[in-house]
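1. Model the structure of this input:
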Amino acid sequence: MSDSQECIMKTRITELLGIDVPLILPGMSWISTPQLVAAVSNAGGLGILASGPLTPEETRASIREIRSLTDKPFGVGVTLLMPGAKENAEIALEEQVPVINFSLGKGDWLVKRAHEYGGKVIATVVSEKHALSAQSIGADALLVTGHEAAAHGGDVTSLVLVPSIASKVEIPVIATGGFADARGLMAALSLGAEAVAMGSRFATCKDSPLHNKVKETVVSKTEQETIYSKNFDGLWARVMKTPRSVKETKRPMNLILAGIEATKAAKIVKQPVWKIMLGMLVMLDKIKLLAYFGASVPRLQAATIDGDLDKGVQFIGQTQGLIEDIPTVQQLVDRITSEAKALQDANNRFFS
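-> Residues are numbered from 1 along each chain as shown. Below you'll find the predicted structure:
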């Protein structure tokens, strides 16, 4: 931990997770890889591995790679609705990962299994109903996702959602959606959160595998240049505004095309086609969601991995307008903690 990090106040989240600063890297597919996860954890925060694009074997290898790069706490994220997520969660539990972060599904079994070896569980939520449900099954903390967030934020802005949920639960809250600097961190703490997750900001660090062309594009764009739509991957999601993303979010797929596109999810998540189709038959109401998922992933890969924004679409939050450079993770964490202390000192003048 650098000298500047010693300035930051301790919170229930830093104590719960055994970290030095209340800064979290959420699990972002093809971005929250072992290298970036370890960089954030080594800088004093908590890095969370994105297991969505990984097979169980790849998840296990990634967990072990993280452990070779850091001896600090880290987590694994699982989106339970998606094919292959339960299998990846089982691997994380077998490997006794310190923190499990789940979303879009029932995580009671995860909580029980993680607690057996002393692990902690964070539930990602976008509403009071889901927050109270997660607390009732024993989740240790909540990652509350506001409207400003990249990818799948809620309908309510962080300024309202975070204090609303924080006032109704006993477990600590991590705020995400609209946070990218010291001002955001101090605001989140004032709202009742005890840490912030900064997906877009960490994604645009030098340590991130996000393609440099996309990082440079983020720096050049404003907070106005995002699109929030349900037509891209089946869930309300925020993406960078480009000619391609405008086209991709213009209208939803029809049911026939949805059925065809749904089978693409099998190759993407390296699952047998029969398993995907069986899941669709069991969950007929999810057929379009699986279809959008299958259709969206190649476009996400084109942007994130290849840097091709003419063919690809990039998840990004409204914090795009706050991102003006491409520092290392350590430089970013040092900057935020130092500036947060300065803000705290400056704000004391209001209470003299």
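
2. in the stretch 201-350 of the chain, which spans are helices?
-> Assigned by DSSP state H, counting those that start in this stretch, the helices in the stretch 201-350 of the chain fall at 212-220, 243-248, 255-262, 264-268, 273-282, 287-304, 329-347.

3. Now the weakest link among those, please, by mean pLDDT.
-> For those, mean pLDDT drops lowest on helix 273-282, to a mean of 49.

4. Can you get me the start-to-end distance on stretch 198-217?
-> Start-to-end span of stretch 198-217 (Cα to Cα, to the nearest Å) is 18 Å.

5. Now for the nearest residue to L332 once chain neighbours are set aside: which residues touch it?
-> Spatial nearest neighbour of L332, chain neighbours left out: C205 (5.8 Å); criterion: Cβ to Cβ, 6 or more residues apart in numbering. Using the backbone N, CA and C atoms, a C-beta is placed for each residue, glycine as well. Neighbouring residues of C205 by Cβ atoms under 8 Å, 6 or more residues apart in numbering: 36, 39, 326-329, 332.

6. Check what pLDDT C205 gets.
-> 98.

7. Ok, G107 next?
-> As summarised for this prediction, G107 has a pLDDT of 94.

8. how about the nearest residue in space to it that is not next to it in sequence, what does it touch?
-> Closest residue to G107 apart from its sequence neighbours, by Cβ to Cβ, 6+ apart: A123 at 6.0 Å. By Cβ under 8 Å, 6+ apart, the contact set of A123 is 101-103, 107, 130-131, 134, 139, 141-143.

9. ok, now with 10 Å
-> 100-103, 105, 107, 110-111, 130-131, 133-135, 137-144, 171 (Cβ atoms under 10 Å, 6 or more residues apart in numbering).

10. so it is in which element?
-> Per DSSP states H and E: A123 is located in strand 120-125.

11. List the buried residues of stretch 295-304.
-> For stretch 295-304, a neighbour-count test (16 or more other Cβ atoms under 10 Å) marks 295-297, 299-304 as buried.

12. looking at the protein, which helix or strand is least sure?
-> Of all helical and strand segments in the chain, the minimum by mean pLDDT, DSSP states H and E falls on helix 273-282, at a mean of 49.

13. Okay, now the unreliable bits of this structure?
-> The chain contains residues with pLDDT under 70 at 1-9, 253-292, 294, 352.

14. Mind telling me the two of the buried residues of stretch 295-304 farthest from one another?
-> A295 and T304 (15.7 Å; Cβ to Cβ).

15. on that earlier part again, export the buried residues of stretch 295-304 to a markdown table and append columns for distance to G312.
-> Listed next are those as a markdown table, based on distance: Cβ to Cβ, whole Å:
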| residue | distance to G312 |
| --- | --- |
| A295 | 13 |
| S296 | 10 |
| V297 | 10 |
| R299 | 5 |
| L300 | 7 |
| Q301 | 7 |
| A302 | 3 |
| A303 | 3 |
| T304 | 7 |
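
16. Let me know the closest of these to L23.
-> Nearest member of these to L23, counting by Cβ to Cβ, is T304, at 21.7 Å.

17. Leaving out the residues flanking it, which one is nearest to that closest one?
-> Of all residues not flanking T304 in the chain, W30 sits nearest, at 4.6 Å (Cβ to Cβ, 6+ apart).

18. burial of the one you found, as a residue count?
-> W30: 18 surrounding residues under other Cβ atoms under 10 Å.

19. Ok, E223 next?
-> The number of residues packed near E223 is 14, by other Cβ under 10 Å.

20. how far away is the residue nearest to it when sequence neighbours are not counted from L161?
-> Leaving aside its sequence neighbours, E223 sits nearest to G321 (Cβ to Cβ, 6+ apart; 2.8 Å). Applying Cβ to Cβ, to the nearest Å, the value for G321 to L161 is 20 Å.
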